[in-house]
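Enquirer: following is a predicted model, sequence given first.
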Amino acid sequence: MKQTVVIKLGGSVMHQLHPTFFTDCVEWMRKNISPVMIHGGGPMISEWMGKLGKTPRFVEGRRVTDEETLSIVEMVLAGRVNKQIVTRFASLGASALGLSGVDLQLLQVKPQNPELGYVGEVIQVNGKAIFGLLDQGWIPVIATLGTDREGQHYNVNADEAAGAIARAIGAKELILVTDVDGIRTGDGHVLSEATPGMVEHYIQTGVITGGMIPKVRSGIRCLEGSVDVVRIVNGTKPHPLSAATGGTRLIKEEVGNRVTLSQLSSS
């Protein structure tokens, strides 16, 4: 029986990915493990906005997406970043298929916040279409765009999209690939494991900040479903998908008894 793993590639790590990331994905396919790839591309979007004379704006870390910005987001995510990833897989002989969440209505969304413009919150995932692609031997490479019931396109946070897809298809693992080693505590130590309670503690005390917050919150939501473990790993290191590489594992409360909140409060 095939095991499905959802992998989210952060835009910050895209151009620094270690080559073994792609070779390991291909090796997984040979071992009957099916990767589903989700990607963003924030730095590239901001770069192209600058080239086109537009200044990026953010509200609480989320990109304000007006009509013109949405056109740039679609061009960069679906037209450039997506195809670059597909090309890397093709160079290794792998069958990767580039899509966006608009295709096959993979990501159905609703407006998230009027302040943000065309930014969508995922309300439904076309899991049947994803399973169909996996059954045919494809590696789906999905750019995080979505559509509402009227056909309007939206920009979607990649961490939230990856979490929604992992829950919808019953993936056993979600891997968030970024350019940092994992969750760092106040003294700079990287946590090997963290439970939802620990994560919330670190958010409230200001240890987890910025872009790491949507990552861990998306991961925690996944743990409420079929996903057994969420890993945050550094994609610039060799074999980043290997458990031996390190990173931080987000695990369910009942199995996370190695570090307690009482220990945290003294750290």
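Expert: Thanks, I have it. A quick note: this is a predicted structure, and the numbers were derived from the prediction, not measured. Residues are numbered from 1 along each chain as shown.

Enquirer: number of nearby residues for I203?
Expert: 15 (other C-beta atoms under 10 Å). C-beta coordinates here come from the backbone N, C-alpha and C atoms, glycine included.

Enquirer: that one: which element?
Expert: Per DSSP states H and E, I203 falls inside helix 196-204.

Enquirer: export that helix as PDB, just CAs?
Expert: Only the C-alpha atoms of helix 196-204 are listed here, as PDB (Å, rounded to 0.1, in the frame of the first residue of the first chain):
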ATOM      1  CA  PRO A 196       0.800  21.700  20.300                       C
ATOM      2  CA  GLY A 197       0.900  22.900  23.900                       C
ATOM      3  CA  MET A 198       4.600  23.600  23.600                       C
ATOM      4  CA  VAL A 199       4.100  25.500  20.300                       C
ATOM      5  CA  GLU A 200       1.400  27.700  21.800                       C
ATOM      6  CA  HIS A 201       3.600  28.400  24.800                       C
ATOM      7  CA  TYR A 202       6.400  29.600  22.500                       C
ATOM      8  CA  ILE A 203       4.100  31.700  20.400                       C
ATOM      9  CA  GLN A 204       2.600  33.400  23.500                       C
END
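
Enquirer: and V64, how close does it get to P111?
Expert: V64 sits at a distance of 13 Å from P111 (criterion: C-beta to C-beta, to the nearest Å).

Enquirer: then G186?
Expert: For G186, the distance to P111 equals 37 Å [C-beta to C-beta].

Enquirer: so those two - more neighbours on which side?
Expert: Neighbours were counted for G186 and for P111 using other C-beta under 10 Å; P111 has more, 14 against 11.

Enquirer: give the contact list for that one.
Expert: P111 is in contact with 118-121, 148, 154, counting by C-beta atoms under 8 Å, 6 or more residues apart in numbering.

Enquirer: give me the buried positions along the helix or strand where I130 lies.
Expert: Per DSSP H and E, I130 falls inside helix 127-135. Across helix 127-135, burial judged by 16 or more other C-beta atoms under 10 Å covers 130-131, 133-134.

Enquirer: state the mean pLDDT of that helix.
Expert: This predicted structure assigns helix 127-135 an average pLDDT of 97.

Enquirer: which elements pack onto it?
Expert: Packed against helix 127-135 by the contact rule (3 or more C-beta pairs under 8 Å, 6 or more residues apart in numbering; DSSP states H and E) you find strand 33-39, strand 139-143, helix 158-169.

Enquirer: with just CA atoms, put that helix into CSV.
Expert: The C-alpha coordinates for helix 127-135 follow below in CSV (Å, rounded to 0.1, in the frame of the first residue of the first chain):
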residue,chain,number,x,y,z
GLY,A,127,-8.6,15.0,-3.0
LYS,A,128,-10.1,12.7,-5.7
ALA,A,129,-8.1,14.5,-8.4
ILE,A,130,-4.9,14.3,-6.4
PHE,A,131,-5.3,10.6,-5.8
GLY,A,132,-6.0,10.1,-9.5
LEU,A,133,-2.7,11.7,-10.3
LEU,A,134,-0.8,9.7,-7.7
ASP,A,135,-2.4,6.4,-9.1
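
Enquirer: next, the angle helix 158-169 makes with that helix.
Expert: On the basis of axes from the mean of the first three to the mean of the last three C-alpha atoms, to 10 degrees, helix 127-135 is oriented at 90 degrees to helix 158-169.

Enquirer: great, nothing more from me.
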